[in-house]
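1. I need the structure of the sequence given here:
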Amino acid sequence: MVDVVDDLVRSGDHRSVFLDVDPEDTGLRRRRLHRAALPATRALAAFTTLRFGELAALRRRDIDPEGLTVTVRRAQAELQDGRLFDKAPKSAAGVRSVSFPAELLDAVTHHLERFSIPGRDGHVFVGPQGGQLRRSNFRDDWVKARKAAGVTAELHFHDLRHTGDTLASTAGASTRELMTRMGHSSSRAALIYQHMTSNRDRAIADRLGAMIREGGGEAAG
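-> Model (predicted):
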């Protein structure tokens, strides 16, 4: 899954922003800007494990470039009639600050400067027509990015959250630290990811053992 995330983060074509477009065709320009903004969306989804609704509700003031954190204060929800509104997270644990790798800072800064709505309360991520980001107007661009990366159609955007949780566990996050990053008040999900990475470590050890056997000997005492 690490390679999948790397491919997805790299697959956005920023050059599309600078293509010559008829000034009257603002819809086409906005769609191209929206596609160019996708790398930051994918990167934060994978490495902060935020849910789609949490990403869609982010404001500029929720991003701290100096502290390298994203603060979740709300989540976007959609009514049956299509209206969008912000709601409080499901539990107190959902309100949290999540650190992101310094290696993402350039992409995040570029996104804020180029694509986000101005002002402290401006949305960080917007839809292809300049309005609010919603699942329906994001889906097509996600599918295009997934195809460009040569990734299976079974990979959904939410899987980036699972990837981030697994990577955090692999990096040594404790159960409590995983709970905080995930915004969970229960340890159940965090323990699942820790169990997964424990199994992976066992698989690596088994492969190392196979290499020793294939070498015709035993580990030196």
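2. Phi, psi for the residue most central in space within the chain please.
-> Nearest to the geometric centre of the chain sits residue 45, at 1.0 Å (C-alpha atoms, centre = their mean). Main-chain dihedrals, residue 45, degrees, to the nearest 10: phi -60, psi -40.
3. mind checking pLDDT for it?
-> Per-residue confidence (pLDDT) for residue 45: 86.
4. got it, and residue 141?
-> Note for residue 141: predicted pLDDT of 82.
5. Hmm, it is touching residue 127, no?
-> No - with contact defined as C-beta atoms under 8 Å, residue 141 does not count as touching residue 127 (9.8 Å). Every residue, glycine included, has its C-beta placed from N, CA and C.
6. could you dump stretch 79-92 to CSV, C-alpha only?
-> The C-alpha coordinates for stretch 79-92 follow below in CSV (Å, rounded to 0.1, in the frame of the first residue of the first chain):
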residue,chain,number,x,y,z
LEU,A,79,-28.6,15.9,3.6
GLN,A,80,-30.7,13.8,1.3
ASP,A,81,-31.6,16.9,-0.7
GLY,A,82,-27.9,17.6,-1.4
ARG,A,83,-27.5,20.5,1.0
LEU,A,84,-24.1,20.5,2.9
PHE,A,85,-23.5,21.5,6.5
ASP,A,86,-20.8,21.2,9.1
LYS,A,87,-21.4,19.1,12.2
ALA,A,88,-19.4,18.3,15.3
PRO,A,89,-17.4,15.1,15.2
LYS,A,90,-19.1,12.0,16.5
SER,A,91,-17.3,12.1,19.8
ALA,A,92,-14.9,14.4,21.8
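7. Please give the centre-to-centre distance between it and its chain.
-> 20 Å (C-alpha atoms, centre = their mean, to the nearest Å).
8. Distance check, residue 99 against residue 77.
-> Here residue 99 is placed at a distance of 26 Å from residue 77 (C-beta to C-beta, to the nearest Å).
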